[in-house]
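Peer 1: Quick one, fold the following:
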Amino acid sequence: MTNTQPTSPSDPKRIDGKLFAAGLRERVGREVARLAQDHSIVPGLAVVLVGEDPASQVYVRNKGIQTKEAGMTSFEYKLPADTSEEDLLAKVRELNADPAVHGILVQFPVPDHISQQRVIDTISPDKDVDGLHPINAGRLASGLEGMVPCTPFGCLLLARDATGGDLSGKHAVVIGRSNLVGKPIAQLLLNENCTVTIAHSRTDDIAAVARQADVLVAAVGRPQMVKRDWVKPGAVVLDVGINRIPAPEKGEGKMRLVGDVDYKDVIDVVGKITPVPGGVGPMTIACLLRNTVVAACRLHGITPPEYF
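Peer 2: From the prediction side, this is the model:
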């Protein structure tokens, strides 16, 4: 599936998402160059940011940098926080009609006066590189070709690699049922012939359910919820959570990032695990670039490469 080795040489249990993402971005860059040479096509990614959320600003800036590094065209639109919903939707429709734009991403969250679902519904499904449009969700559920959400697809690539490329017959447990991560990763794993269980806040004895997993995906947004007794010995654990908790050891008021899994508590039990940070996170932007290239290929009637 890939030429990279995402486990860290210093810790064979640690899945190195940064290394894997770097390998994917290299493959994206080669495909971008091929499209330019063979078809005179330069994939274009448009990112729209409404408001001044600091975390979103950093994320959008990083997307722009990596888009350009891959040889693609980056379109960035920064709109004031008081932009009306109709003005934002008009911008989306304008991008839908722009032939230079192959992928459209509106950075969420948007201000409260704007309906996130209306924004998603307005983006052309063929340019929906976030994979959130109901048509793309339906295509994924039906096993049909469509755009797949970036973070779940990144999880799938890491899971394939960590299990030697064959997930068939594995029991996967997904903790979390969001439209953004939980449901699509469950569907992707089902399409890989896994037996899939979705666990959530109403699941009875959730630890016992999690303990059945050969592949455990934690995507619930609760810091360090998954403990040692939740993990089957030798399981592959994918931690999607990004949570900020106090870090008094770094000084007053300082914070640190942790996942939904208590990394130190489970490390002796797991087969392989993604850390936070440096695990699933870096895969999101890499898969966004991948999705943009796939969208460009499909919009021009070109078959995307199999190694994507």
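Peer 1: which residues touch Pro149?
Peer 2: Taking Cβ atoms under 8 Å, 6 or more residues apart in numbering, we find Pro149 in contact with 130-132, 180-181, 184. No exception for glycine: its C-beta is placed from N, CA and C like everyone else's.
Peer 1: Which secondary structure element of this structure has the lowest mean pLDDT?
Peer 2: Sorted by mean pLDDT, DSSP states H and E, the helices and strands of the chain end with strand 7-8, the least confident at a mean of 55.
Peer 1: next SSE after that one?
Peer 2: Later in the chain than strand 7-8, the nearest helix or strand by DSSP states H and E is strand 11-15.
Peer 1: Pull out the buried positions in the following helix or strand past that following strand.
Peer 2: Downstream of strand 11-15, the first helix or strand assigned by DSSP H and E is helix 17-39. The neighbour-count check on helix 17-39 (16 or more other Cβ atoms under 10 Å) flags 17-21, 23-25, 27-29, 31-32, 35 as buried.
Peer 1: Kindly indicate which of those residues lies nearest Val148.
Peer 2: Closest to Val148 out of those is Leu24 (13.8 Å), distances taken as Cβ to Cβ.
Peer 1: Tell me which residues touch the nearest residue to that closest one once chain neighbours are set aside, please.
Peer 2: Using Cβ to Cβ, 6 or more residues apart in numbering and skipping residues adjacent in sequence, the residue nearest Leu24 is Ala286, 4.3 Å away. Going by Cβ under 8 Å, 6+ apart, Ala286 touches 20-22, 24-25, 28, 66, 154.
Peer 1: Can you give me the neighbour number for Arg118?
Peer 2: Around Arg118 there are 14 other residues, counting by other Cβ atoms under 10 Å.
Peer 1: And for Ile267?
Peer 2: That count, for Ile267 with other Cβ under 10 Å as the rule, works out to 17.
Peer 1: looking at it, Asn191 is touching Gly143, isn't it?
Peer 2: Yes: the pair Asn191 / Gly143 is scored as a contact, 5.9 Å apart, by Cβ atoms under 8 Å.
Peer 1: neighbour-wise, which of those two wins?
Peer 2: Between Asn191 and Gly143, counted using other Cβ under 10 Å, Asn191 has the larger neighbour count: 15 against 10.
Peer 1: And Lys183, which helix or strand is it part of?
Peer 2: Under the criterion of DSSP H and E, Lys183 resides in helix 182-191.
Peer 1: ok now the following helix or strand past that helix, how far from the chain's centre?
Peer 2: Note on helix 182-191: by DSSP H and E, the next helix or strand toward the C-terminus is strand 195-199. Computed by Cα atoms, centre = their mean, to the nearest Å, the chain-centroid distance of strand 195-199 equals 19 Å.
Peer 1: where do the helices sit along the stretch 101-250 of the chain?
Peer 2: 116-122, 134-141, 150-162, 182-191, 206-210 (DSSP state H, counting those that start in this stretch).
Peer 1: Can you add distance to Val48 and give those back as a markdown table?
Peer 2: A markdown table is the format used below for the helices of the stretch 101-250 of the chain (distance: least, Cβ to Cβ, whole Å):
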| stretch | distance to Val48 |
| --- | --- |
| helix 116-122 | 9 |
| helix 134-141 | 18 |
| helix 150-162 | 16 |
| helix 182-191 | 22 |
| helix 206-210 | 37 |
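Peer 1: Name the stretch among those helices that sits most buried.
Peer 2: For these, the largest average neighbour count (mean count of other Cβ atoms under 10 Å) is found in helix 150-162, namely a mean of 24.
Peer 1: Report the mean confidence score over that helix.
Peer 2: Helix 150-162 shows a mean pLDDT of 97.
Peer 1: who does it touch, helix- and strand-wise?
Peer 2: On a contact count with 3 or more Cβ pairs under 8 Å, 6 or more residues apart in numbering; DSSP states H and E, helix 150-162 meets strand 11-15, helix 17-39, helix 182-191, strand 215-218, strand 236-239, helix 281-299.
Peer 1: Mind checking the ones you listed for the one nearest to Gly164?
Peer 2: Gly164 sits nearest to strand 236-239 of all the helices and strands packed on helix 150-162, at 10.3 Å, using Cβ to Cβ.
Peer 1: Which of the helices and strands packed on helix 150-162 has the lowest mean pLDDT?
Peer 2: strand 11-15 (a mean of 92).
Peer 1: Flag every buried residue along that one.
Peer 2: For strand 11-15, by 16+ other Cβ under 10 Å, it's 13-15.
Peer 1: Contacts for that strand, please.
Peer 2: Strand 11-15 has contacts (Cβ under 8 Å, 6+ apart) with 6-8, 158, 161-162, 238, 267, 270-275, 279.
Peer 1: among the contacts of Pro149, who's most crowded?
Peer 2: Neighbour tally across those (other Cβ under 10 Å): the maximum, 26 neighbours, falls on Pro184.
Peer 1: hang on, it packs against Gly138?
Peer 2: No: at 11.6 Å, Pro184 does not count as touching Gly138 under the criterion of Cβ under 8 Å.
Peer 1: Many thanks, we can stop here.
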